[in-house]
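**Student:** The following block contains a protein sequence and its predicted model.
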Amino acid sequence: MIASTFSSTHDFFTSGAWLVIRNLLLFFVAVFWLAFAYWVHKDARRRIEDPWLVGMATLLGLVPPFVGPLIYMLFRPPEYLDDVRERELEIKAMEERLSRRDLYCPVCRSEVDSSFLVCPICTTKLKQSCGTCKAPLEALWQVCPFCETPIEPAAVAMPSLRPGRARRPPA
């Protein structure tokens, strides 16, 4: 019985079918190995600027088969170069916008001047005016810089919780 099992196993591994299966298996392993190296190369080109480092990453993807791409994935830069450039452009655009100091109405987003008390488009109150000289005042000012009049803070009305009921002041 053992001899017949050994004989049939030996016959299978010496047959032409086994050679085809083995060769196809080796072919697919080689294709996957080269595909991993190609993926490492493409990913490194998108993440690394230096061509020498891209070449070293590709070599790392090739030389220790199937382990190199895993090592590359652990140590690769976390962002694509395009994302880094896009973020830097957005930061520059925000800095430029902030440096221009354009003022906009908080309601209708139309451009307003720093001296406007009311938005000319939607009539939203933008600033408080001085009671004496009628100059526009900033929200945190405690005295009018034009006529030295002390500014009383504007009272803010608290909305009630339910219609018809007033809130009780805190004790």
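**Tutor:** Thanks, I have it. Fair warning: this is a prediction, and the values are worked out from it, not measured in the lab.
**Student:** Tell me where the chain has strands.
**Tutor:** Assigned by DSSP state E, the strands in the chain fall at 103-104, 111-112, 128-129, 136-137.
**Student:** closest one to Val29 among these?
**Tutor:** Shortest distance between Val29 and these, using CB to CB, is found for strand 103-104: 62.1 Å. All C-beta spots, glycine's among them, are computed from the backbone N, C-alpha and C.
**Student:** and that closest one, average pLDDT?
**Tutor:** Regarding strand 103-104, the rounded mean pLDDT is 82.
**Student:** Same question for stretch 35-51.
**Tutor:** Here the average pLDDT along stretch 35-51 is 95.
**Student:** again, but for stretch 133-152
**Tutor:** Here the average pLDDT along stretch 133-152 is 86.
**Student:** Could you do stretch 75-82 as well?
**Tutor:** pLDDT averaged over stretch 75-82 gives 94.
**Student:** For it, list the C-alpha coordinates in CSV.
**Tutor:** Provided in CSV are the C-alpha atoms of stretch 75-82 (Å, rounded to 0.1, in the frame of the first residue of the first chain):
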residue,chain,number,x,y,z
PHE,A,75,8.8,54.0,6.1
ARG,A,76,7.3,55.8,3.1
PRO,A,77,6.3,59.5,3.4
PRO,A,78,2.7,59.8,4.6
GLU,A,79,1.6,62.3,1.9
TYR,A,80,1.7,62.6,-1.8
LEU,A,81,3.8,65.5,-3.2
ASP,A,82,0.7,66.9,-4.9
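**Student:** mind checking how far the lengthiest helix in the chain is from the chain centre?
**Tutor:** Longest helix in the chain, counting residues (DSSP state H): helix 16-47. In terms of CA atoms, centre = their mean, to the nearest Å, the gap separating the centre of helix 16-47 from the centre of its chain is 34 Å.
**Student:** Could you pull out the buried residues of it?
**Tutor:** Trp33, Phe36, Ala37, Val40, His41, Asp43, Ala44, Arg47 (16 or more other CB atoms under 10 Å).
**Student:** Farthest-apart pair in those, please.
**Tutor:** Trp33 and Arg47 (21.4 Å).
**Student:** hmm, back to that, from the buried residues of helix 16-47, pick the one nearest Tyr104.
**Tutor:** Arg47 (38.2 Å).
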